[in-house]
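Engineer: Sequence plus predicted model, see below.
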Amino acid sequence: MPPRCTVAALAAIWLPGLAEAAGALSPNGPVAEAQLGILLTALGLMAIVVLPVWLLAAFVVLRYRSTAGQTYRPEEDFDLKTDLVIWAVPALIVIAIGTIVWTRTHQLDPYAQVAPGDSLRIQAVALDWKWLFIYPDLGIATVNELALPAGTNAEIALTSDTVINSLIVPGLAGQIMAMAGMRTELNVVAEAPALMWGRNTQYSGEGFADQEFRVPVTSLEDFAAWAETARRARPLDRAAYCLLATEEATSEPRRYSAPEDGLFKAIMMQYMDQDRGRLCSDD
């Protein structure tokens with residue numbers, strides 16, 4: 001493979017992951033802040049083993065290099081104290097990290113409210129290869145644009161009208177699966193206005209690499225103005241939804257007004273009740 005092609009291939013593999021990591025290291029909500037705390041705590045505990053190894057490696061290289069005139073011939077006798085230190089310390093650290101991650105992760109239940117107050121209801125539907133977000137209380141819907149007002153609870157219900165997808169906004173919370181015929185849930189709060197990004201992290205076919213969406217976090221006033229603009233868009237009736245669901249991948253955000261009542265439930269129930277038939281059947 002030519003060098004330029006190799007660099008391009010590596011960039012395509014690593015850059016999306018680096019972007020997600022950057023979002024996770026810049027939390028904009030209590031759940032993401034707690035996740036970052038878990039990560040930093042684990043790194044600190046691992047440093048107890050890693051840093052001495054690095055320092056000793058540098059010491060040995062400098063002390064016993066050929067130009068220093070030093071020679072080291074280790075004795076190969078068994079030393080119980082040395083073996084205890086070598087094995088016991090890492091084992092204790094693994095136990096500590098496992099305990100901390102287990103307990104703190106369970107405190108971040110995605111179904112739990114992260115702050116008191118009223119919630120903004122959002123229904124997320126995974127499609128090929130895009131995300132549909134329905135705001136049932138506002139009478140609007142969007143594609144590849146999850147707008148949030150800062151400081152407001154967002155209660156996101158998820159399902160899929162295709163294969164399994166996994167939604168994540170690294171700066172807000174961890175990933176949550178979206179599966180056909182099932183309803184999962186994620187509760188988040190964005191603390192400050194910002195332009196964030198989310199994506200699908202579960203490989204889902206040809207358009208997976210471009211399946212990302214904008215997450216503009218704005219003030220309540222700007223969010224209300226955004227919602228009013230969306231209400232002037234074309235309606236999302238059954239025919240419009242079926243056209244959207246069968247389209248090729250699109251990364252451009254779209255807005256709809258008046259999503260059909262019960263659309264999210266109908267999408268989910270078509271896989272649970274075989275007598276209903278498919279929502280967008282050709283029959």
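Structural biologist: Perfect, I can see it now. Small disclaimer: the values here were computed from a predicted structure and weren't measured.

Engineer: Helices of the stretch 101-250 of the chain, residue ranges please.
Structural biologist: Taking DSSP state H, counting those that start in this stretch as the test, the helices found in the stretch 101-250 of the chain are 220-230, 238-246.

Engineer: counting contacts, what elements does the shortest one pack onto?
Structural biologist: What it means is helix 238-246. With contacts taken as 3 or more Cβ pairs under 8 Å, 6 or more residues apart in numbering; DSSP states H and E, helix 238-246 sits against strand 130-135. Glycine gets a C-beta too; all of them are placed from N, C-alpha and C.

Engineer: what are the pairing partners of the strand it packs on, and which direction each?
Structural biologist: strand 119-127 (antiparallel), strand 140-143 (antiparallel) (DSSP bridges).

Engineer: Comparing the ones you listed, which comes out most buried?
Structural biologist: strand 140-143 (a mean of 25; mean count of other Cβ atoms under 10 Å).

Engineer: Report the rounded mean pLDDT for that one.
Structural biologist: Mean pLDDT, strand 140-143: 96.

Engineer: Show me what it is in contact with.
Structural biologist: 130-135, 227, 230-231, 233, 236, 244, 250, 253-257, 259 (Cβ atoms under 8 Å, 6 or more residues apart in numbering).

Engineer: let's go with 6 Å and repeat that
Structural biologist: 130, 132-134, 227, 230-231, 236, 254-257, 259 (Cβ atoms under 6 Å, 6 or more residues apart in numbering).

Engineer: Just the CA trace of that strand, in CSV.
Structural biologist: Only the C-alpha atoms of strand 140-143 are listed here, as CSV (Å, rounded to 0.1, in the frame of the first residue of the first chain):
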residue,chain,number,x,y,z
ILE,A,140,-41.4,18.6,16.0
ALA,A,141,-38.9,16.0,14.8
THR,A,142,-35.3,16.2,13.5
VAL,A,143,-32.8,14.0,11.7
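
Engineer: any idea which helix is longest in this structure?
Structural biologist: helix 30-63 (DSSP state H).

Engineer: Now do the buried residues in that one.
Structural biologist: By 16 or more other Cβ atoms under 10 Å, the buried positions in helix 30-63 come out as 30-32, 34-35, 38, 42, 45.

Engineer: is the residue most central in space within the chain in a bridge, and if so with what?
Structural biologist: Of all residues in the chain, the one closest to the mean position by Cα atoms, centre = their mean is Ile168, 2.3 Å from it. Using DSSP bridges, the beta-bridge partners of Ile168 come out as Arg199.

Engineer: and it, what is it in contact with?
Structural biologist: 175, 198, 201.

Engineer: ok, back up a step: mind putting the helices of the stretch 101-250 of the chain into TSV with mean neighbour count?
Structural biologist: Supplementary listing: the helices of the stretch 101-250 of the chain in TSV, determined by neighbours: other Cβ atoms under 10 Å:
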stretch	mean neighbour count
helix 220-230	14
helix 238-246	15
